[in-house]
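K.L.:
mind folding the following:
(2 chains)
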Amino acid sequence: MAKKKLSSVLIITTLLLLSSCKKDSELPPIDESVDLDGYIINDSSLINPASFLLSAAIKNPTALDLDKPVIITVHGFTASNYEWTEFRDWAKSKTDFYTSMVLLGGHGRNYSEFKASTWQNWQAPIIDEYNALRQLGYKKINFIASSTGCPLVLEMLSSDKISTDVLKHIFFIDPIVLPSNKLLSLIPAIGSLVGYSETTLEPGENGYWYKYRPQHALKELEKFIRQERKKLEKGIVLPAGVTLKVFKSERDGSADPTSAVLLSKGIKLNDGTKIEIEMINSDLHVFTRLHGRKTITAENKALQLITFEEVYKSL
Amino acid sequence: MYKKYFILLSVILFVLSNKSIAETEKDSVSKSKQSFALGLRFQKAGGFYWSNGITAEYFNKKIWKNKMSIGFNFVSSKMGTALGSNAISFFEADLSATKYFRNSKNLKPLLRLNAGYARANFGSDVFKNIPNQSMLLSLETGASYEFKFPLKIALSGGYNFISGNGISGLGTIFPVYAQFSMLLKLSDFKK
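P.N.:
Numbers count the residues shown, from 1 in each chain, chains lettered A, B, ... in the order given. All right, here's what the predicted structure looks like:
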């Protein structure tokens, strides 16, 4: 009798749980006039790539162009090229290097395309742009990446997906290999109950970041950074001639600051020495991006400019 | 990944429960008033490291009617994932209180409350402002099985109420974990 009662309770609980699940096909309440997740607002690079990608802007570079260093910017999960526009605008005051802004696959488009994309899709445009610039003959290519963009660049190197003969310097800003919210680790198990999660954006961020994160994308992120942590455990050696510097906010609320520890322990330069790590006195995630934030302090601005200058001087 | 753990746990529990149902009570009940067991604990955080170490458990029939025990667990990533790798080394030490159900059977469902302390070694002063220690509080549920010879095994899943974000808590503490322990009964006291 007791067993029957228990079975009934279990069946009812299961049915209640299943009925409370959001259907996978269910769309979040996207506001087409505001949200990047809709079909109306897209990243501008999709319409006008020549304003973002150097390979599209200068189809026939001169010998002088090819001698200049290029920095490929790589944004993070759910973000868009907007994350690096301040750096690009700052770089316009310099005439001795180029920037090339890569939009990750599945990003800057709409919810459905984001949902259908894999981490390999996110990474593909980074590889494409590097290869295009190398093919054109650029001799000094560099990367500056933020958040999820960092492990995407690192994976490219550790899996030998690019020829690194013209790769010089890599800069990571607030890389993520360990999430701040550890509940992300439960996504493989409970993802189908979640459906999607909503992020609170500041008004100035609307239209530049996806507001809704489908469980597929969260699963993909979790799977990808877990895989990268395992690679770091085994150890990654950078190609000869390539340097890496990591800048990490000490109070980053999205990418656990401990990510910097994992990178420090797991990556070595080709000569066996340690990579450079600088912990930044900041509570911002991607402290180099200030546009769109509600509050920007003088200290935030100073840190941003110091970092831009340091990157520039390293070229 | 979790599905594999769940299926494994289900199969083990099914096999053991069928075996234990067929057994008589006299086979299964320890007549001792006190006992002490010492063994190994293998712990895997969901999505993170293996941390292995030791576990100890003390029963006292008079105080806890043999349905409850107190214990001590010490696990370290140095004896798990960080052994011979670049993983972060840390340890977790906790005291536990375990409540057993179906006490007359060999297979006993269990509920365990752990409270303790964790500390990590980040290996450089550069990381001095990242928290490297934390209190621990977790709840486990699972089952233990007592063999006729003085060996007990326990398999359980746990939830850490305090997990770290690297700002206000140690970032190596993940919310969900599974553990398997093997304990040897070192002594029975009939006082």
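
K.L.:
C-alpha only now, for contacts and for neighbours.
P.N.:
OK.

K.L.:
can you pull out the helices in the stretch 201-315 of chain A?
P.N.:
Taking DSSP state H, counting those that start in this stretch, the helices of the stretch 201-315 of chain A run over residues A:215-234, A:258-266, A:298-314.

K.L.:
pick the most deeply packed of these.
P.N.:
For the helices of the stretch 201-315 of chain A, average neighbour numbers computed from mean count of other CA atoms under 10 Å in any protein chain shown are highest in helix A:258-266, which has a mean of 24.

K.L.:
that helix to helix A:215-234, inter-axis angle?
P.N.:
40 degrees (axes from the mean of the first three to the mean of the last three CA atoms, to 10 degrees).

K.L.:
so which of the helices of the stretch 201-315 of chain A gets nearest residue B:140?
P.N.:
helix A:215-234 (24.2 Å; CA to CA).

K.L.:
helices or strands up against the closest one?
P.N.:
Counting contacts by 3 or more CA pairs under 8 Å, 6 or more residues apart in numbering or on different chains; DSSP states H and E, helix A:215-234 is packed against helix A:111-116, helix A:119-136, helix A:149-158, helix A:187-194, helix A:258-266.

K.L.:
and the contacts of it?
P.N.:
For helix A:215-234, contacts defined as CA atoms under 8 Å, 6 or more residues apart in numbering or on different chains pick out A:114-119, A:151, A:155, A:176-178, A:184-185, A:187-188, A:191-192, A:194-197, A:262-263, A:265-267, B:47-48, B:82, B:85-87.

K.L.:
pretty sure residue A:267 is touching residue A:239, no?
P.N.:
No. Counting by CA atoms under 8 Å, no contact exists between residue A:267 and residue A:239, whose distance comes to 11.0 Å.

K.L.:
those two: which is more packed in?
P.N.:
Comparing residue A:267 with residue A:239 by neighbour count (other CA atoms under 10 Å in any protein chain shown), the higher total belongs to residue A:267, at 24 against 19.

K.L.:
low pLDDT regions in the chain?
P.N.:
Since no chain was named, I'll use chain A. Residues of chain A that meet the criterion pLDDT under 70 lie in A:1-25.

K.L.:
my question was about chain B
P.N.:
By pLDDT under 70, the low-scoring segments of chain B are B:1-32, B:63-66, B:188-191.

K.L.:
who in it is up against chain A?
P.N.:
Of all the residues in chain B, those in contact range of chain A (CA under 8 Å from any CA of the partner chain) are B:1-3, B:46-48, B:82, B:85-88, B:122, B:126-127, B:129-130, B:163-167, B:171-172, B:174-176.

K.L.:
what about residue B:60, distance to residue B:151?
P.N.:
Between residue B:60 and residue B:151 the distance is 18 Å, computed by CA to CA, to the nearest Å.

K.L.:
pick out whichever of those two has more residues nearby.
P.N.:
When residue B:60 is set against residue B:151 and neighbours are counted by other CA under 10 Å, the residue ahead is residue B:60, at 19 against 16.

K.L.:
just give me the residue right at the centre of chain A.
P.N.:
Nearest to the mean C-alpha position of chain A, counting by CA atoms, centre = their mean, stands residue A:76 at 2.0 Å.

K.L.:
so where does that residue fall, helix or strand?
P.N.:
Following DSSP states H and E, there is no helix or strand that holds residue A:76.

K.L.:
nothing else from me, thank you.
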